[in-house]
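Peer 1: with the input below, show me the fold.
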Amino acid sequence: MKQKLRVLVGCEFSGTVRDAFKALGHDAWSCDLLPSEVPGQHIQGDVTGLLTQGWDLAIFHPPCTYLCSSGLHWNTRRPERRALTEESLVFVRTLLDAPIPRIALENPIGCISTRIRKPDQTIQPWMFGHAESKATCLWLKGLPPLVPTRVMTKEGKYWSNQTPSGQNKLGPSADRWKLRSTTYQGVANAMAEQWSVTI
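Peer 2: Below is the predicted model:
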């Protein structure tokens, strides 16, 4: 590590990415409307109020409910969702335009790619030691693409988190969105290890 960085992890309640940076000695903070699920440096509230506070690096995980391809079809059936998609895109633009020299924003495949710009990289958990599939796009500013750390292979026809039809195994539940949105530990570690040394 060249220097201790001030790191903001926006829209994170799990503490996974925050704690990966903290483990390397950085001054890392998470921020979310929800409380942190694990003890740590966490600010509960709107992340937009923190964007001008002198961060060296920020990683943002904006909610994907109204942005991801799997949900956009509802916008034609439920027109009230269109306004929520537009609000979500304004939020994404605000995060990407923040006065922070190094920014990574992650989201599933969706309308950020067509309405704002294409991602700089698309990663999978299986590139970072997890035998699971979940395409995640990264929009980067001042940061290099992540280099895979431990590429896994399928044991059979499907990844461990997939049903025989290729869908995610997690059934409907009140906390399904939480489980699906948490960053994989291998990805969080790669972010901390690789992006720390680029500064």
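Peer 1: use CA for all of it now, contacts and neighbours both
Peer 2: Will do.
Peer 1: what ranges do the strands span in the protein?
Peer 2: Here the chain has its strands, by DSSP state E, at 6-10, 27-32, 42-44, 57-60, 103-107, 121-123, 136-141.
Peer 1: parallel or antiparallel, list what pairs with the third one.
Peer 2: Applying DSSP bridges, strand 42-44 is found paired with strand 27-32 (parallel).
Peer 1: contacts for the strand it pairs with?
Peer 2: Outside of strand 27-32, the residues within contact range by CA atoms under 8 Å, 6 or more residues apart in numbering are 4-13, 15, 18-19, 21-22, 36, 40-47.
Peer 1: now list the buried members of those residues.
Peer 2: 4-13, 15, 18-19, 21-22, 36, 41-44, 47 (16 or more other CA atoms under 10 Å).
Peer 1: point out where this protein drops to low pLDDT.
Peer 2: Under the criterion pLDDT under 70, the flagged ranges of the chain are 1-2, 66, 69-79, 81, 159, 161-181, 198-199.
Peer 1: can you check which helix is longest in this structure?
Peer 2: Using DSSP state H to assign secondary structure, the helix with the most residues in the chain is helix 80-96.
Peer 1: any idea how far it is from the chain center?
Peer 2: 16 Å (CA atoms, centre = their mean, to the nearest Å).
Peer 1: put the alpha carbons of that helix into CSV.
Peer 2: Listed next in CSV are the C-alpha coordinates belonging to helix 80-96 (Å, rounded to 0.1, in the frame of the first residue of the first chain):
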residue,chain,number,x,y,z
GLU,A,80,-45.5,4.9,-12.5
ARG,A,81,-42.3,2.9,-12.6
ARG,A,82,-41.0,5.0,-15.5
ALA,A,83,-40.6,8.1,-13.3
LEU,A,84,-38.7,5.9,-10.7
THR,A,85,-36.3,4.8,-13.5
GLU,A,86,-35.7,8.4,-14.4
GLU,A,87,-35.0,9.3,-10.8
SER,A,88,-32.6,6.4,-10.5
LEU,A,89,-30.7,7.5,-13.6
VAL,A,90,-30.4,11.1,-12.2
PHE,A,91,-28.9,9.5,-9.0
VAL,A,92,-26.4,7.4,-11.1
ARG,A,93,-25.3,10.6,-13.0
THR,A,94,-24.9,12.4,-9.7
LEU,A,95,-22.6,9.6,-8.4
LEU,A,96,-20.6,9.3,-11.6
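Peer 1: packing partners of it?
Peer 2: In this structure, helix 80-96 makes packing contacts with helix 74-77, strand 103-107, judged by 3 or more CA pairs under 8 Å, 6 or more residues apart in numbering; DSSP states H and E.
Peer 1: who does the longest one pair up with?
Peer 2: Sheet pairing for strand 103-107, assigned by DSSP bridges, gives strand 57-60 (parallel), strand 136-141 (antiparallel).
Peer 1: now the helices for this structure?
Peer 2: Under DSSP H, the chain gives helices at 16-22, 69-72, 74-77, 80-96, 112-115, 176-181, 185-196.
Peer 1: the last one to strand 6-10, inter-axis angle?
Peer 2: Right, the one you point to is helix 185-196. 140 degrees (axes from the mean of the first three to the mean of the last three CA atoms, to 10 degrees).
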